[in-house]
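>>> Below is the structure, and that's it, no one-letter string:
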Ligand SMILES: [Fe+2]
Ligand SMILES: [Fe+2]
């Protein structure tokens with residue numbers, strides 16, 4: 001089969017699952033709020049699908065992957081993540097998604113597929129020592145979801161998501177660096193590290209500049225995002241890009257701050 005035919009087949013499988021999730025199953029949780037959810041909604045889902053395609057082709061696992069399992073796992077894995085930001089409970093957002101899947105989607109999948117979806121969703125955020133001991137034995141779909149979800153936390157977009165979410169959770173921003181380094185170190189595949197290396201270096205550079213010297217421009221980026229953690233990032237970027245025009249003398253400093261928000265705007269305004 002040619003690459004073109006394969007891509008078409010994969011896209012067809014993905015579209016079928018999107019149809020089941022968003023059209024056939026008229027569920028409240030997958031309605032407008034999902035489309036509008038900035039940090040864990042449709043944008044995150046589409047970006048994870050794109051990263052998965054890239055990673056699976058790089059791994060040459062096109063014949064092994066079950067796209068139906070991976071797609072529904074991606075769509076549902078963070079469905080309750082926003083609730084975790086505001087309410088501290090012992091039930092993880094992954095566990096809640098597994099229950100949601102079992103209640104609403106089980107009938108669309110075989111028994112074996114259901115087991116894989118449950119595993120992929122429930123382990124997507126696992127970084128415990130116990131998990132590290134058995135993660136090698138997990139199914140391919142679990143490993144892929146874990147890696148692409150972590151890859152989405154790097155780069156300009158990842159930095160934005162970290163700052164906004166840490167602001168909402170009340171976590172100090174100098175904790176981002178350690179969390180990012182851990183994410184990169186724990187990726188399942190070297191191929192994931194290859195895909196994410198440049199973006200990883202980008203975010204660690206921003207974090208190091210902030211942590212070591214409270215770099216003025218990075219601090220300014222953080223303050224700006226932290227002011228509006230729940231509004232659309234492209235709107236934040238537009239505001240940020242207009243801002244220096246009103247600050248006397250700041251036109252010369254169109255460096256890190258401007259580049260950052262220009263890129264953020266590009267990322268979030270692109271067509272999917
Ligand atoms: Fe999550
Ligand atoms: Fe996620």
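On my side now, so go ahead. Just so we're clear, the structure is a prediction, and the values are computed from it rather than from any experiment. Numbers count the residues shown, from 1 in each chain. Ligands and ions are numbered 1, 2, ... in the order given.
>>> For the rest of this, base every contact and every neighbour count on C-alpha atoms.
Fine.
>>> Just say helix, strand or coil for the closest residue to residue 95 other than its chain neighbours.
Excluding the flanking residues, the one nearest residue 95 by CA to CA, 6 or more residues apart in numbering is residue 122, at 5.6 Å. Residue 122 carries the three-state label helix when classified by DSSP: H, G, I helix; E, B strand; the rest coil.
>>> ok, how many other residues are close to residue 122?
For residue 122, the neighbour count with other CA atoms under 10 Å is 20.
>>> contacting residues for it?
Counting by CA atoms under 8 Å, 6 or more residues apart in numbering, residue 122 touches 77, 94, 95, 97, 98.
>>> Just those: which are in helices?
Secondary structure from DSSP state H places 94, 95, 97, 98 of the contacts of residue 122 in helices.
>>> Helices of the stretch 151-272 of the chain, start to end?
Assigned by DSSP state H, counting those that start in this stretch, the stretch 151-272 of the chain shows helices spanning 155-169, 176-185, 190-213, 216-227, 233-242, 256-269.
>>> Would you mark the buried spots in the helix or strand hosting residue 7?
Using DSSP states H and E, the element containing residue 7 is helix 3-19. Using 16 or more other CA atoms under 10 Å as the test for burial, helix 3-19 gives 10, 13, 14, 17, 18.
>>> now for the helix or strand that that helix is followed by, which elements pack on it?
On the C-terminal side of helix 3-19, the nearest following helix or strand under DSSP H and E is helix 32-36. Here helix 32-36 touches helix 42-59, going by 3 or more CA pairs under 8 Å, 6 or more residues apart in numbering; DSSP states H and E.
>>> For residue 2, give me phi and psi.
With angles defined as degrees, to the nearest 10, residue 2 sits at phi -70, psi 160.
>>> Now do the same contact list for residue 180.
Applying CA under 8 Å, 6+ apart to residue 180 gives the contacts 153, 154, 200, 204.
>>> picking that back up, highest neighbour count among the ones in helices among the contacts of residue 122?
residue 94 (25 neighbours).
>>> and that one, what does it touch?
Residues near residue 94 by CA under 8 Å, 6+ apart: 77, 78, 80, 81, 121, 122, 123, 124, 125.
>>> May I have the secondary structure class of residue 40?
Recorded secondary structure, residue 40: coil (three-state DSSP).
>>> For residue 212, see how far away it is.
Separation of residue 40 from residue 212 (CA to CA, to the nearest Å) stands at 30 Å.
>>> any idea which of the contacts of residue 180 is closest to residue 172?
Of all the contacts of residue 180, residue 172 sits closest to residue 204, with 15.7 Å by CA to CA.
>>> so who does that closest one touch?
177, 180, 181.
>>> what's the spacing between the first one and residue 184?
As judged by CA to CA, residue 177 and residue 184 stand 11 Å apart.
>>> Which one of the contacts of residue 204 is nearest to residue 222?
Distances from residue 222 to the contacts of residue 204, taken by CA to CA, are shortest for residue 177, at 13.6 Å.
>>> show me what contacts residue 265?
Contact analysis of residue 265 by CA under 8 Å, 6+ apart lists 233, 234, 235, 237, 238.
>>> Can you convert those into TSV and add a column each for distance to residue 3 and neighbour count?
Listed next are the contacts of residue 265 as TSV, based on distance: CA to CA, whole Å; neighbours: other CA atoms under 10 Å:
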residue	distance to residue 3	neighbour count
233	34	24
234	34	19
235	37	15
237	37	23
238	38	14
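>>> any idea which of those is closest to residue 220?
Closest approach between these and residue 220, by CA to CA: residue 237, at 12.7 Å.
>>> List the contacts of residue 147.
For residue 147, the contacting residues are 187, 188, 189, 192, by CA under 8 Å, 6+ apart.
>>> Where neighbours are concerned, which of those has the most?
Counting by other CA under 10 Å, residue 192 has the largest number of neighbours within the contacts of residue 147, with 23 neighbours.
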